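A.B. asks: Got a predicted structure here, sequence first:
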Amino acid sequence: MKKLMIALCFVFVAWAAIAQETALPFIEVTGVAETEVEPDEIDLQIVLNETEGKKMSVEQKEKQLQAVLNELGIDLKNLVLQDALSAYDSNWWKADLVKTVKTFNLRLASAASVAKLLVKLRDKDLSNVQIVKIGNSLKEKIMRETRIKAAKAAKEKAIYLVEAIGNQLGMPLYFIEQEAFQPYAPLMRNTMAKSYASEDSAEPQEIGFKKITYTSKVLIRYGIK
């Protein structure tokens, strides 16, 4: 009987503690933060293939591409072979031909570099170029700072709301990150490569990219003193 009474006391104390915690006044607030940055990682896809009617091999075009990169001071280490294949082109009116296609990835650090490259490649008739991805080399640091700003924004909101009713902010009870967004590939502000393939453009035109926006949204519950 004595053991039963002790057990019931423990249950009562635990229930009282839970009831007190549940009854604790609290406030829930959201904090949102955004950080905009210029992209410094611009990935291009360059496709070289044999052009029918022109006596220029893919190997010759590759040498032209490398020469253009050297002329612009672009490190050849940034040029990576993505794919290479050969295919038969068979037609009844001509002998079978083997066409070679090479696909390269090239990473540049600025829109100005992209503009200069597109003009040079156009002059060499190497215009099969696409912008496939852009980003920022400090994205992890940027996301961390954005999350911190969101948390601070939530706390600041909670403080002035609680103080407005004559109370003080207590300890955080829980913290949830509702959303964290790292964009993939914003569009260019101006027209893409076709603008630079124009015969009327002898000099690289000014181009740019939309800034990359990193977003964080948090939900925090605070106790109220």
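C.D. replies: On my side now, so go ahead.

A.B. asks: okay, and for this protein, where does confidence drop off?
C.D. replies: Residue ranges of the chain with pLDDT under 70: 1-22, 51-55, 84-98, 182-207.

A.B. asks: Scan it for its longest helix.
C.D. replies: Ranked by residue count, the top helix of the chain under DSSP state H comes out as helix 139-164.

A.B. asks: For the protein, just list every one of the helices.
C.D. replies: 2-22, 58-71, 111-123, 139-164.

A.B. asks: Those into a markdown table, with extra columns for distance to Val129?
C.D. replies: (Glycine included, C-beta is placed from N, CA and C.) What follows is the helices of the chain, written out as a markdown table (distance: least, CB to CB, whole Å):
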| stretch | distance to Val129 |
| --- | --- |
| helix 2-22 | 62 |
| helix 58-71 | 10 |
| helix 111-123 | 6 |
| helix 139-164 | 24 |
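
A.B. asks: who's in contact with Gln45?
C.D. replies: Contacts of Gln45 were listed using CB atoms under 8 Å, 6 or more residues apart in numbering, and they are Gln82, Thr103, Phe104, Asn105, Leu106, Val129, Gln130, Ile131, Val132.

A.B. asks: Please indicate which of those residues are buried?
C.D. replies: Thr103, Phe104, Asn105, Leu106, Val129, Ile131 (16 or more other CB atoms under 10 Å).

A.B. asks: of the helices of the chain, which approaches Glu50 most closely?
C.D. replies: Glu50 lies closest to helix 58-71 among the helices of the chain, at 5.9 Å (CB to CB).

A.B. asks: Now do the phi/psi pair for Asn167.
C.D. replies: With angles defined as degrees, to the nearest 10, Asn167 sits at phi -120, psi 180.

A.B. asks: Just give me the neighbour total for it.
C.D. replies: Counted with other CB atoms under 10 Å, residues neighbouring Asn167 total 13.

A.B. asks: need the contact list for it.
C.D. replies: Pro25, Ile224, Lys225.

A.B. asks: 10 Å instead?
C.D. replies: Pro25, Ile27, Leu161, Ile224, Lys225 (CB atoms under 10 Å, 6 or more residues apart in numbering).

A.B. asks: I'd say the second one and Val162 touch.
C.D. replies: Yes - using CB atoms under 10 Å, Ile27 is in contact with Val162, at 6.0 Å.

A.B. asks: Now list whatever residues contact both of those two.
C.D. replies: Leu169, Gly170, Tyr222, Gly223, Ile224.

A.B. asks: so the first one makes contact with Ala158?
C.D. replies: Yes - the pair Leu169 / Ala158 is scored as a contact, 5.6 Å apart, by CB under 10 Å.

A.B. asks: Who wins on neighbours among the shared contacts of Ile27 and Val162?
C.D. replies: Counting by other CB under 10 Å, top hit in the shared contacts of Ile27 and Val162: Tyr222 with 23 neighbours.

A.B. asks: That one touches Leu173, doesn't it?
C.D. replies: Yes - counting by CB under 10 Å, Leu173 is a contact partner of Tyr222 at 6.6 Å.

A.B. asks: picking that back up, which of the shared contacts of Ile27 and Val162 lies closest to Gly31?
C.D. replies: For the shared contacts of Ile27 and Val162, the minimum distance to Gly31 (CB to CB) is 11.7 Å, reached by Tyr222.

A.B. asks: Show me what that closest one is bridged to.
C.D. replies: Ile27, Pro172 (DSSP bridges).

A.B. asks: Let the chain start at 41 from now.
C.D. replies: With 41 as the first residue, the last one maps to Tyr262.
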